[in-house]
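**Student:** Let me see the structure of the following:
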Amino acid sequence: MKDIKMEDLGTNKPKDGVSVPSNTNEDASTVLNSEVRTDKPENCPVDQILDSNSMNKTVNESLVRKRGRPARLNQQDSPLELKPRSPVPENKVKRKQGRPVNKKEEGKGKKEEEVQKSSPSNGATKKTGKSVKKEVKESLEKDLTDDEEIVVNKDERLALKQIAEFLQKAKLPLSPFPVTKGDGNCWYRAMSDQVSMLGIPNKPTKHWDLRKQVADSLKNLPSDVKKNTIDIVFLGKPRGLSDLAHRQRKEGQWVDDRGVMVLATALFLQRNINIYSCPADDSREYSVTKIEGGEGADEFPPLNVFYDNNHYQSLKLSKE
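**Tutor:** Got it, this is the predicted structure:
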C-alpha cells in the first residue's frame with residue numbers, strides 16, 4: 001500500500017484506488033491504524049479485495065487449532081506467528097521400540113544400575129530366578145541341624161514306652177531312640193538317623209535328601225529286581241514304577257504298602273534292614289523282617305527299625 005500524504009486527508013478524492021474518509025477532525029494515525037475492510041468499497045480494485053480476503057483467511061486458520069481452541073500467541077512475536085512448542089522433556093523421549101519411558105521402568109533401571117555398581121566386577125554372571133530360589137532352599141536346609149527339635153505329645157510318649165517295654169520283654173538289645181516324628185516322613189527319618197548312628201559314608205543324613213535320592217535310584221535298580229517289581233507289583237506296566245518315583249519325591253508321602261521303597265532304600269544304602277514288630281500270634285516273642293541290601297551288605301551291621309500302627313521308629317543298640 002502506498003503512503004498517503006497529509007494534504008489529501010481533507011478531500012474525498014481517491015488516491016491510487018484507496019478511499020479516504022473526509023472527516024478532518026480524525027487524527028492521521030487513527031486512520032492509518034484502522035482495520036482493513038473486507039467488504040467491497042467504492043472505487044476499490046477487485047485484486048485488492050481478493051488479497052485482503054485471502055489474508056484474513058490465513059490469519060483465521062493460523063489462530064485455530066485442530067480442536068477449535070485459539071492458540072496462544074507470543075507477545076514479542078508478530079500476530080501472525082504462533083508461539084513455538086517447548087522442547088520435549090528427556091523423560092518423554094521415545095526408546096528404540098517406540099514406547100515412552102515409564103516412571104516405573106525408569107526407577108527399575110536406576111535400581112539395576114545401583115545393583116551393578118554395588119556388585120563386584122569380577123566377570124560373574126547375573127543370577128537367574130531359579131538359581132536364587134535354589135540358594136534360598138539350600139540355606140534353609142543348612143539351618144536345620146541334626147538335633148532338630150521334635151515335639152512329642154502324650155500318645156507318642158505312651159507308644160514309645162510300650163515299644164521299650166516290648167523290646168525289653170523280648171530280650172532284644174534295642175531301644176527306641178531317637179524319637180522318630182510321625183509326619184509322613186517317618187521311614188526316611190528313621191533311615192537317616194540310622195545312617196548317622198552307623199556312620200555310613202557318602203550317604204545323606206537328612207530325611208528329605210535321602211527321600212529324593214532313593215526315589216531317583218528306582219530307575220537304576222538291578223535288572224532282575226526291576227523286572228520282578230514291574231511284573232508282580234505293577235502287572236507288567238513300566239510306567240507304574242516311574243509314577244511311584246514321582247510321588248515319592250514329595251515330602252510327607254508315605255512309602256508304598258508293597259515294600260518297593262523299603263527294598264530300594266536297602267539297595268541304595270547297601271545295608272541290610274531289620275524291621276521289628278509285634279507278632280501276629282503267641283507262637284513267638286517278636287517278629288522281624290529282613291530286607292537285604294544287595295551284595296556285600298552282610299559285612300556291615302544292619303539298620304534296625306520298629307514298625308507298629310503304620311509308623312516306623314528308629315532303634316538304637318543298647319549297652320549290655
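
**Student:** Double-check that Val288 belongs to a strand.
**Tutor:** Yes. Counting by DSSP: H, G, I helix; E, B strand; the rest coil, Val288 is part of a strand.

**Student:** gap between the residue nearest to Lys181 when sequence neighbours are not counted and Ser192?
**Tutor:** Closest residue to Lys181 apart from its sequence neighbours, by C-beta to C-beta, 6 or more residues apart in numbering: Ile150 at 4.9 Å. (Each C-beta comes from the backbone N, C-alpha and C, glycine too.) For Ile150, the distance to Ser192 equals 13 Å [C-beta to C-beta, to the nearest Å].

**Student:** got the contact list for the helix or strand hosting Asn274?
**Tutor:** Using DSSP states H and E, Asn274 sits in strand 273-277. Residues from elsewhere that reach strand 273-277 (C-beta atoms under 8 Å, 6 or more residues apart in numbering): 167, 172, 174, 191, 262, 265-266, 286-291, 293, 302-308, 312, 315.

**Student:** How about stretch 164-178?
**Tutor:** 150, 160, 163, 193, 276, 278, 285-286, 304, 306, 313-318, 320.

**Student:** mean confidence score for that stretch?
**Tutor:** Stretch 164-178 comes out with an average pLDDT of 95.

**Student:** which of the residues in it are buried?
**Tutor:** Within stretch 164-178, the residues scored as buried using 16 or more other C-beta atoms under 10 Å are 164, 166-167, 170, 172, 174-178.

**Student:** just stretch 183-203 next, same as before
**Tutor:** Residues of stretch 183-203 classed as buried by neighbour count (16+ other C-beta under 10 Å): 185-198, 200, 203.

**Student:** Kindly report the same for stretch 256-274.
**Tutor:** Those would be 260-269, 271-274, for stretch 256-274 by 16+ other C-beta under 10 Å.

**Student:** ok so, going back, just the buried ones from the contacts of stretch 164-178?
**Tutor:** Among these, the ones that count as buried by 16+ other C-beta under 10 Å are 160, 163, 193, 276, 304, 306, 313-315.

**Student:** about what we covered before: contacts only, for the residue nearest to Lys181.
**Tutor:** With contact set as C-beta under 8 Å, 6+ apart, Ile150 has these partners: 178-179, 181.

**Student:** Which ones among the residues you listed map onto helices?
**Tutor:** Among those, no member is found in helices (DSSP state H).

**Student:** now, among those residues, which is nearest to Ala297?
**Tutor:** Nearest to Ala297 out of these is Pro178 (C-beta to C-beta; 23.6 Å).

**Student:** Angles on the backbone of the closest one, please.
**Tutor:** Taking degrees, to the nearest 10, you get phi -70, psi 170 for the backbone angles of Pro178.

**Student:** Domain boundaries for the chain, per the record?
**Tutor:** Domain assignment for the chain by automatic domain parsing gives 6-62, 155-317.

**Student:** quick one on the thing from earlier: output the buried ones among the contacts of stretch 164-178 as TSV; include the columns secondary structure.
**Tutor:** Shown next, in TSV, are the buried ones among the contacts of stretch 164-178 (three-state DSSP):
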residue	secondary structure
Leu160	helix
Ile163	helix
Asp193	helix
Tyr276	strand
Asn304	strand
Phe306	strand
Gln313	strand
Ser314	strand
Leu315	strand
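
**Student:** pLDDT check: weakest of those residues?
**Tutor:** Leu160 (93).

**Student:** Isn't it up against Val179?
**Tutor:** Yes. Leu160 is within contact range of Val179, at 6.8 Å (criterion: C-beta atoms under 8 Å).

**Student:** Between those two, which contacts overlap?
**Tutor:** Joint contacts of Leu160 and Val179 (C-beta under 8 Å, 6+ apart) are 152, 313.

**Student:** And the furthest pair within the buried residues of stretch 256-274?
**Tutor:** Maximum pairwise distance among the buried residues of stretch 256-274 (C-beta to C-beta): 18.5 Å, between Val260 and Asn274.

**Student:** Can you pull out the low-pLDDT segments for the stretch 101-250 of the chain?
**Tutor:** Residues of the stretch 101-250 of the chain meeting the criterion pLDDT under 70: 101-149.

**Student:** That one: strands as residue ranges?
**Tutor:** For the stretch 101-250 of the chain, the strands defined by DSSP state E, counting those that start in this stretch occupy 174-176.

**Student:** Helices of that one, start to end?
**Tutor:** Per DSSP state H, counting those that start in this stretch, the stretch 101-250 of the chain carries helices over the ranges 103-118, 129-143, 154-169, 186-198, 207-216, 223-228, 239-248.
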